[in-house]
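# what follows is a predicted protein model with its sequence.
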Amino acid sequence: MPPERGPLDGCHSSVVFSDDRQWAEHLSAVVRGGLEKGEQVQYFADTTAPERVLRALTDRGIDAAGAVTRGQLSVSVAAQTYLAGSGFDPDATIGRWHDAAAAARAAGYRGLRAIGEMSWGERDIVGADRLLEYELRIHREVFARLPLTGWCFYDRRLMSEACMSALASAHLTHRGEPYAAPALRVAPLADRPGLLMAGSAGYDTRTAVAAAAAVVSGAADRQMELDLAALRHLDAASLAALADAAAGRPGGTPLKVRHAPPPLRRLLQLFPELDSAVEVVNR
């Protein structure tokens, strides 16, 4: 396994835009930067025709046709790649990134740069409900391990603000237009394995809570931390989901919880057996 990279700010960015001009400007900046750095660039379209992507690049002075011919640039459709078959599978997609990065390096490129249109995340696609879990996992499972840079494109004309903000806020770096803070923000910790949860965890944010629980229970990292300093509210169902996730950690290693809210502390008092699953820091 390659050594982990240094600080990951900028490796995984959300890009929010609301018109075609902004889309083309972000597109050309990302692609031009990758081509100039000797990286292979892959664009995964959702609603945009591949021909339009190439035309937009050409109109902005990028030799898109030449880059495609020499294999440095590819434009494909998500429905024919990571959404093909039975739907979206985070585990399979993470495996594809490892294969793609290895192939780019084997072909002589310095790394891989990927751009994906994410508007499909709110459509009725099998596995779309696991997209937030995937965005949270790839910080440690992909970007910390591979010579890969990723930009996730969010067109606010095609997504609700609530869905877009929940997904965009899972990235360490944001570019483009600002977006409203989600009711519950779940994001990877920048410098260590774990998650930040900020806002209110309740019925309306159960999808985000489920994503956090899935990451906690399935993370391969021996040490895993949950920072709840900015969590204002935690209902019983969310509390139970996180407690179950902590209890299901592989190898029985405890989940470190910083700034545990009163409901979690009361739960630990009522159920002492959870002490082996949860280690409260700053109790």
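Perfect, I can see it now. Being a predicted model, the structure only gives us computed values, none of them experimental.
# the residue nearest the centre of the chain and residue 120, how far apart?
Taking Cα atoms, centre = their mean, the centroid of the chain lies closest to residue 135, which sits 1.9 Å from it. Applying Cβ to Cβ, to the nearest Å, the value for residue 135 to residue 120 is 13 Å. C-beta coordinates here come from the backbone N, C-alpha and C atoms, glycine included.
# hmm, the residue nearest to the centre of the chain is touching residue 170, no?
Yes: counting by Cβ atoms under 8 Å, residue 135 touches residue 170, with 4.2 Å between them.
# which residues does the residue nearest to the centre of the chain contact?
152, 167, 170, 171 (Cβ atoms under 8 Å, 6 or more residues apart in numbering).
# tell me, how many neighbours does the third one end up with?
Right, residue 170. Counted with other Cβ atoms under 10 Å, the neighbours of residue 170 add up to 28.
# then residue 21?
With other Cβ under 10 Å as criterion, residue 21 counts 10.
# same deal with residue 236?
Neighbourhood size, residue 236 [other Cβ under 10 Å]: 10.
# ditto for the one 5 residues further on
The burial count assigned to residue 241 is 20, neighbours taken as other Cβ under 10 Å.
# circling back to that earlier point, okay, buried residues for the helix or strand containing the residue nearest to the centre of the chain please.
In this assignment (DSSP states H and E), residue 135 forms part of helix 131-138. Using 16 or more other Cβ atoms under 10 Å as the test for burial, helix 131-138 gives 131, 132, 133, 134, 135, 136, 137, 138.
# and it, how far from the chain's centre?
In terms of Cα atoms, centre = their mean, to the nearest Å, the centre of helix 131-138 is found 4 Å from the chain centre.
# for stretch 241-254, same thing?
Offset of stretch 241-254 from its chain centre (Cα atoms, centre = their mean): 22 Å.
# how about that stretch: buried residues?
Neighbour-count burial for stretch 241-254, counted by 16+ other Cβ under 10 Å, picks out 241, 242, 243, 245, 246, 247, 249, 253, 254.
# same thing with stretch 60-67?
Quick answer for stretch 60-67 (16+ other Cβ under 10 Å): 62, 64, 67.
# got any ranges where the chain has weak pLDDT?
Counting by pLDDT under 70, the ranges of the chain that qualify are 1-10, 252, 283.
# switch the cut-off to 50
1-7 (pLDDT under 50).
# any idea where the helices of it begin and end?
20-36, 50-59, 64-69, 90-106, 131-138, 161-168, 206-218, 236-247, 262-270 (DSSP state H).
# residues contacting residue 92?
residue 82.
# oops, could you answer that again for residue 125 instead?
Taking Cβ under 8 Å, 6+ apart as the criterion, residue 125 is in contact with 83, 87, 88.
# roughly how far does it sit from residue 132?
Residue 125 is 14 Å from residue 132, by Cβ to Cβ.
# what about the nearest residue to residue 254 once chain neighbours are set aside, neighbour count?
Nearest non-adjacent residue to residue 254, counting by Cβ to Cβ, 6 or more residues apart in numbering: residue 279, 4.3 Å away. Using other Cβ under 10 Å, the number of residues around residue 279 comes to 17.
# got it, and the one 3 residues further on?
Applying other Cβ under 10 Å, we find 8 residues neighbouring residue 282.
# that one contacts residue 261, doesn't it?
No: contact criterion Cβ under 8 Å: residue 282 and residue 261 do not qualify, at 11.5 Å.
# residues touching residue 159, list them.
Per Cβ under 8 Å, 6+ apart, neighbours of residue 159: 118, 119, 121, 122.
# can you count the residues close to the first one?
So that's residue 118. Neighbour count for residue 118, taken as other Cβ under 10 Å: 23.
# kindly report the same for residue 207.
Counted with other Cβ under 10 Å, residue 207 comes out at 17.
# would you mind measuring from it to residue 186?
Per Cβ to Cβ, residue 207 is found 10 Å from residue 186.
# what's the answer for residue 89, then?
Distance from residue 89 to residue 186, by Cβ to Cβ: 20 Å.
# ok, these two, which is more surrounded?
Higher neighbour count among residue 89 and residue 186: residue 186, with 26 against 17, using other Cβ under 10 Å.
# pretty sure the more buried one is touching residue 197, no?
Yes: using Cβ under 8 Å, residue 186 makes contact with residue 197 at a distance of 5.5 Å.
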